[in-house]
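Undergrad: Mind folding the following:
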Amino acid sequence: MYGITDQINRASDAVALLIAEGSGLQTNALFSHRLGLVVGETFEVVSGSFLALDRKYINPEEQAQIYEWGNALARKINAFRNTLR
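TA: Predicted coordinates for the structure are as follows:
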């Protein structure tokens, strides 16, 4: 349980940290690249939620909430990335 929890926490932290880091970069292309990494970290959190569900650490309702959060966040970030091009 510790391994999945730790990985999900690190990926969740990376979402905020990569956005902050990217916002301070000098070009939209560099910021867009960091936002692409954020989408990857978001998918990592969602993937971890499937593992947690399979191992019965969380229930299906909790996993569904994480999935919806991840899906909504990824759509928003990709929409924002499109404005940077």
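Undergrad: mind checking the longest helix of this structure?
TA: Secondary structure of the chain per DSSP state H: the longest helix is helix 28-54.
Undergrad: other SSEs contacting that helix?
TA: helix 2-23, helix 60-84 (3 or more CB pairs under 8 Å, 6 or more residues apart in numbering; DSSP states H and E). Where C-beta positions appear, they are placed from N, C-alpha and C, glycine not excepted.
Undergrad: Let me know the angle separating the first one from helix 60-84.
TA: Using axes from the mean of the first three to the mean of the last three CA atoms, to 10 degrees, the interaxial angle of helix 2-23 with respect to helix 60-84 works out to 20 degrees.
Undergrad: For helix 2-23, list the C-alpha coordinates in PDB.
TA: Provided in PDB are the C-alpha atoms of helix 2-23 (Å, rounded to 0.1, in the frame of the first residue of the first chain):
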ATOM      1  CA  TYR A   2       2.800   2.400   0.800                       C
ATOM      2  CA  GLY A   3       4.300   2.100  -2.700                       C
ATOM      3  CA  ILE A   4       1.200   3.000  -4.500                       C
ATOM      4  CA  THR A   5       0.400   5.800  -2.000                       C
ATOM      5  CA  ASP A   6       3.900   7.200  -2.300                       C
ATOM      6  CA  GLN A   7       3.800   7.100  -6.200                       C
ATOM      7  CA  ILE A   8       0.400   8.700  -6.400                       C
ATOM      8  CA  ASN A   9       1.400  11.400  -3.900                       C
ATOM      9  CA  ARG A  10       4.600  12.200  -5.900                       C
ATOM     10  CA  ALA A  11       2.700  12.300  -9.200                       C
ATOM     11  CA  SER A  12       0.000  14.600  -7.700                       C
ATOM     12  CA  ASP A  13       2.700  16.900  -6.300                       C
ATOM     13  CA  ALA A  14       4.400  16.900  -9.800                       C
ATOM     14  CA  VAL A  15       1.200  18.300 -11.300                       C
ATOM     15  CA  ALA A  16       1.300  21.500  -9.300                       C
ATOM     16  CA  LEU A  17       5.100  21.800  -9.400                       C
ATOM     17  CA  LEU A  18       5.400  21.300 -13.200                       C
ATOM     18  CA  ILE A  19       2.700  24.000 -13.700                       C
ATOM     19  CA  ALA A  20       4.500  26.400 -11.500                       C
ATOM     20  CA  GLU A  21       7.900  25.600 -13.100                       C
ATOM     21  CA  GLY A  22       6.500  26.000 -16.600                       C
ATOM     22  CA  SER A  23       4.800  29.300 -15.900                       C
END
